[in-house]
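Q: structure of the sequence below:
(chains A and B)
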Amino acid sequence: MAMSEYAARPQIASLVRPEVVEHAVREEPGGWLNWLTTTDHKKIGIMYFFVTFIFFIIGGVEALIMRLQLAQPNGTVVDPDTYNGLVTMHGTTMVFLFIVPVMAGFGNYMLPLMIGARDMAFPRLNALSLWLLVFGGMAFYGSVFFEPPQGGWTMYAPLSDDAYMPSGGVDAWIFLIHLTGISSLVGAINFVATIHNMRAPGMGWGRMPLFVWSLLVYSYLLIAALPTIAAAATMLLTDRHFGTDFFDPTGGGDPMLWQHLFWFFGHPEVYIMILPGFGIISEVLPVFSRKPIFGYKAIAASTVSIGFLSLLVWAHHMFTTPTPTVVLVFFMLSSFLIAVPTGIKIFNWVATLWKGSILMKTPLLFAVGFISTFVIGGITGVMLAVFPVDWQLQDSYFVVAHIHYVLFGGSVFTIFAGIYYWFPKMSGRMLGEGLGKVSFWMMLVGFNLTFLIQHSAGLSGMPRRVYDYPADAGWTGFNLISTIGSFLLGIGVMVTVVNVLISMKKGQKAGNDPWKGNTLEWFTQSPPPENNFDVIPRVRSVEPMKDIRSEVQQASMPAGTVAQPVASGT
Amino acid sequence: MLVLLALAPGAMADVFTPESGGSPNADDIDSLYKIVLYVSIPIFLVVEGALIWALVKFRQRRGGPEPEQIRGNQPLELGWTAGATVILVVLAVITFLYLGPIKNPPASDADGLAAGVQVASVDQPAPPGGAKAPLTIQVNGQQYLWRFQYPGGRDAYSYYRMIVPTNTTVVLKITSSDVAHSWWIPKLGGKADALPGHTNQTWFKIAKEGTYKGQCAELCGDGHADMRSVVKAVSPQRYQAFVARRRREITDSQKALAQQRREREGASKSGQGEDN
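A: Numbers count the residues shown, from 1 in each chain, chains lettered A, B, ... in the order given. Predicted coordinates for the structure are as follows:
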């Protein structure tokens, strides 16, 4: 974009002072080299989606193999060490290579657009976070060519020590932790710098979109939590290879130290995975109920307080360890406390729908599906926080069900809501509504079929992470139902993948603002031009796009001329 | 789906609640769980009900009214914040009421094992008030077996199957000699992690003779799913007979082994001579 065009517009001149930064315009490389070298936040965002969805599908296939193995007692699909490898790969992939980075993908693509910026604060750093993620995933999956790690995604010491797992799989896992950790850390710093410094004029903290609020807290949590896991993984590395004994009691170390360090990271990580999803829901619901978000301040404040409290609940993963009762009581109460802001959000979302004029499109279906399943995950979360009850439920299939209610019924449903909501902006084309609804119903039914019954398996005494169970244990029915559900769920996910592939080329043209959105990303073209906005509007409320639409109507001009000052290229 | 559930009759009793019926602490956990469950059900129904109601009632209709632009309602928001807090405070208080009976081992019954008489052990002082002291069993997790050390001598131990007397409080001191494991017999109460370098504790008291199954609950390696254990409750007399027999058998077999070794060493010395 040539500077002269800015100078020609008097209203912009006060914002951008033209200066000579380059004496020649470097020609952009074409084709795949363009993707490899780009620093454009939108292209990086799209690559985030591409990479993370590949990992999502790999992780999903791993889950389906496990479900096949467990469909019947004495399953013979895989042997025990392969099964433990699958457990580890599935958990690690979904956490580190799918949910956390896909949220960064949404952030990368949407954050500058939503706050009216032309890119992220540090575009090259942005490219670095993407490529570190790619390399982290490759280092980790390289282990399938020798021996994958088998310690679960929690990698508890001393099982993960060289005495019990001499293969390099655990080292591949440590590599992944470091590479994706730096990737997320760099990305988080970038988000924080962008949000603090690059908001459109007039967008004070009280007018920031709720998705941006959630990204801000997500970023601060990453910065707070990641150094701990990086330190712990390094200690594990030196324990394995350089003779230290941080986690080995025979040398004066303590396996409890690993658990504390891991969960001091691991619990904020859970909220890192769900908070941006909360943000997506807070964007989708008002748009599709044609009503402002109910209690903007309460939702923003609850996001911040969840972020803070999430640093104080880690030991509720350790209720069965030898720990003094007073400590258990503290962590029970802090876990109760975090349920309050989470509950506030759910009530506010339902109140947003209340008395609205609800448009039943796929993004809304996923958002509502999220609320309905997340309520169950929240309730079982409170049950698990009651630590004497947790002594029965800990490490059983009840916990497996709970984490999937918050991470699949929670995070993944919000991710799908976000994809259906923002795909028109990213591609310029709508996703097919028919396939979208088929996908939603298959996923909702398949999900509940898979995981609701797992509560019962856990209550009946089935521990998690077992490759097999006896026929007389009474768990056969539960597991068969769960396996059937998991395949329905898998097909439901693939329907959306197919939908995306078809709609990229053949979808209906979306236009700039197909949903009548509230936020600034709908102000620009779909897909947005490289500089995002030619004119950055002044923000006067929390719903700037609504203001712009009503201004256009009042001026009684044909829509599309004033609301779209960008060159009419669509 | 119901047909499938009916095919699992053993599990039907505990589809909705944790396992119980073996020991009072498991029963108390079951009761506490039920209270939390009963508090949750109305909350679940209200939220899901409101959600579905909103979707049906406020669905966009052609020519319908423009939605009211409500941005919040402070009394309502303060109300549900306070409501949620009150519910959680009540749950915390109920938990504290149940905590003592779940956590603290009670005294053994009158017809339980007279542990204090049987066991000449320093970690079991004479119980106050004449109540019978609990029986302490050392539990050690190791890949992929549970080892049980009974009071009354170094040789009184067993693997996999733990024999305990009825009507007697059994306190388990749990540790591990390799990686982390977790002790869990669902009908006899909650889990206790077995960590190397730490001693964890749990207890149970079984009223009626019977067998209670469980398995390791913390991923401990390839054999994790096969690290099972059984607790068998028998009368105190049979328990004492079991421990005595066990000790005798192990002592005898060790003596026999020592004898064999001596003989073999003697034979190898005389046979090979200067090679060693």
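
Q: how about the contacts made by the residue in the stretch 1-150 of chain A positioned nearest to chain B?
A: The stretch 1-150 of chain A approaches chain B most closely through A:Pro80 (4.4 Å), counting by CB to the nearest CB. Every C-beta, even on glycine, is put in place using the N, C-alpha and C of the backbone. Each residue near A:Pro80 by CB atoms under 8 Å, 6 or more residues apart in numbering or on different chains is listed here: A:Tyr467, A:Asp468, B:Asp222, B:Gly223, B:His224, B:Ala225.

Q: pLDDT and secondary structure added to those, as JSON lines?
A: Shown next, in JSON lines, are the contacts of A:Pro80 (pLDDT from 0 to 100; DSSP: H, G, I helix; E, B strand; the rest coil):
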{"residue": "A:Tyr467", "pLDDT": "95", "secondary structure": "coil"}
{"residue": "A:Asp468", "pLDDT": "94", "secondary structure": "coil"}
{"residue": "B:Asp222", "pLDDT": "93", "secondary structure": "coil"}
{"residue": "B:Gly223", "pLDDT": "94", "secondary structure": "coil"}
{"residue": "B:His224", "pLDDT": "95", "secondary structure": "helix"}
{"residue": "B:Ala225", "pLDDT": "94", "secondary structure": "helix"}
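
Q: could I get these as TSV with neighbour count?
A: As requested, those are exported to TSV (neighbours: other CB atoms under 10 Å in any protein chain shown):
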residue	neighbour count
A:Tyr467	23
A:Asp468	18
B:Asp222	16
B:Gly223	14
B:His224	29
B:Ala225	21
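
Q: got the residues of the stretch 151-276 of chain B near chain A?
A: Within the stretch 151-276 of chain B, the positions lying close to chain A (CB under 8 Å from any CB of the partner chain) are B:178-180, B:182, B:184, B:186, B:189-193, B:195-201, B:214-226.

Q: and with 6 Å instead?
A: With CB under 6 Å from any CB of the partner chain as the criterion, the stretch 151-276 of chain B meets chain A at residues B:179-180, B:182, B:186, B:190-191, B:193, B:195-198, B:200, B:217-219, B:222, B:225.

Q: hang on, the earlier thing: between the contacts of A:Pro80, which is nearest A:Tyr220?
A: Taking CB to CB as the measure, B:His224 is the one of the contacts of A:Pro80 closest to A:Tyr220, at 37.1 Å.

Q: what's the closest residue to chain B within chain A in contact with, if anything?
A: Per CB to the nearest CB, A:Trp391 is where chain A lies closest to chain B, at 2.3 Å. Neighbouring residues of A:Trp391 by CB atoms under 6 Å, 6 or more residues apart in numbering or on different chains: A:Thr320, B:Gly190, B:Lys191.

Q: hmm, 8 Å instead?
A: So A:Trp391 contacts A:Phe319, A:Thr320, B:Ile29, B:Ile102, B:Gly189, B:Gly190, B:Lys191, B:Ala192 (CB under 8 Å, 6+ apart).

Q: tell me how far it lies from B:Leu172.
A: Distance, A:Trp391 to B:Leu172, using CB to CB, to the nearest Å: 13 Å.

Q: overlap in contacts, the two.
A: Common neighbours of A:Trp391 and B:Leu172, using CB under 8 Å, 6+ apart, are B:Ala192.

Q: could I get the pLDDT score of residue 19?
A: Let's take chain A. A:Glu19 is assigned 71 on the pLDDT scale.

Q: actually chain B
A: Looking at B:Glu19, its pLDDT is 92.

Q: check contacts around the residue lying closest to it once chain neighbours are set aside.
A: In space, and not counting its chain neighbours, B:Glu19 is closest to B:Pro186: 3.5 Å by CB to CB, 6 or more residues apart in numbering or on different chains. B:Pro186 is in contact with A:Gln392, A:Ser460, A:Gly461, B:Pro18, B:Glu19, B:Ala26, B:Gly214, counting by CB under 8 Å, 6+ apart.
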